[in-house]
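Undergrad: Sequence and predicted model, in that order:
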Amino acid sequence: MEISFAPELEAKLNQIASQSGKAPDEVVREFVASCLEHDEWFRQEVGKGLASLDRGKTVSHEDVRRQMDRILGS
């Protein structure tokens with residue numbers, strides 16, 4: 001597979017590769033693998049949330065606000 005990048009994007013890729021001591025193609029492979037893993041995790045989590053909704057498990061707006069206020073220290 002071959003992928004073409006705009007010159008400015010290729011320059012950024014080369015800079016990151018140089019700073020990390022890796023070849024540009026290795027940086028791209030690692031990045032794509034990471035993105036695909038995150039996408040898979042995200043889809044699973046959304047599926048869990050939808051299944052929870054299907055079971056009738058919900059959280060009220062007020063409960064979410066209280067949780068966020070606690071988390072943010074408001």
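TA: Received the coordinates, thanks.
Undergrad: element containing residue 51?
TA: helix 24-54 (DSSP states H and E).
Undergrad: in the next helix or strand after that helix, what counts as buried?
TA: Once the chain leaves helix 24-54, the next helix or strand it forms, by DSSP H and E, is helix 61-72. Neighbour-count burial for helix 61-72, counted by 16 or more other CB atoms under 10 Å, picks out no residue. For every residue, glycine as well, the C-beta is placed using N, CA and C.
Undergrad: Stretch 48-65 too?
TA: Buried residues in stretch 48-65 (16+ other CB under 10 Å): none.
Undergrad: just the CA coordinates of that stretch, formatted as PDB?
TA: Extracted in PDB, the C-alpha atoms of stretch 48-65 (Å, rounded to 0.1, in the frame of the first residue of the first chain):
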ATOM      1  CA  LYS A  48     -22.000  -1.100  26.000                       C
ATOM      2  CA  GLY A  49     -23.700   2.300  26.500                       C
ATOM      3  CA  LEU A  50     -26.400   1.500  23.900                       C
ATOM      4  CA  ALA A  51     -27.000  -1.900  25.500                       C
ATOM      5  CA  SER A  52     -27.300  -0.200  28.900                       C
ATOM      6  CA  LEU A  53     -29.900   2.100  27.400                       C
ATOM      7  CA  ASP A  54     -31.800  -0.800  26.000                       C
ATOM      8  CA  ARG A  55     -31.900  -2.300  29.500                       C
ATOM      9  CA  GLY A  56     -33.400   0.900  30.700                       C
ATOM     10  CA  LYS A  57     -30.300   2.100  32.600                       C
ATOM     11  CA  THR A  58     -30.100   5.900  32.300                       C
ATOM     12  CA  VAL A  59     -28.700   8.800  34.300                       C
ATOM     13  CA  SER A  60     -30.700  12.000  34.700                       C
ATOM     14  CA  HIS A  61     -29.300  15.300  33.600                       C
ATOM     15  CA  GLU A  62     -29.300  16.400  37.300                       C
ATOM     16  CA  ASP A  63     -27.200  13.400  38.300                       C
ATOM     17  CA  VAL A  64     -24.700  14.100  35.500                       C
ATOM     18  CA  ARG A  65     -24.400  17.800  36.500                       C
END
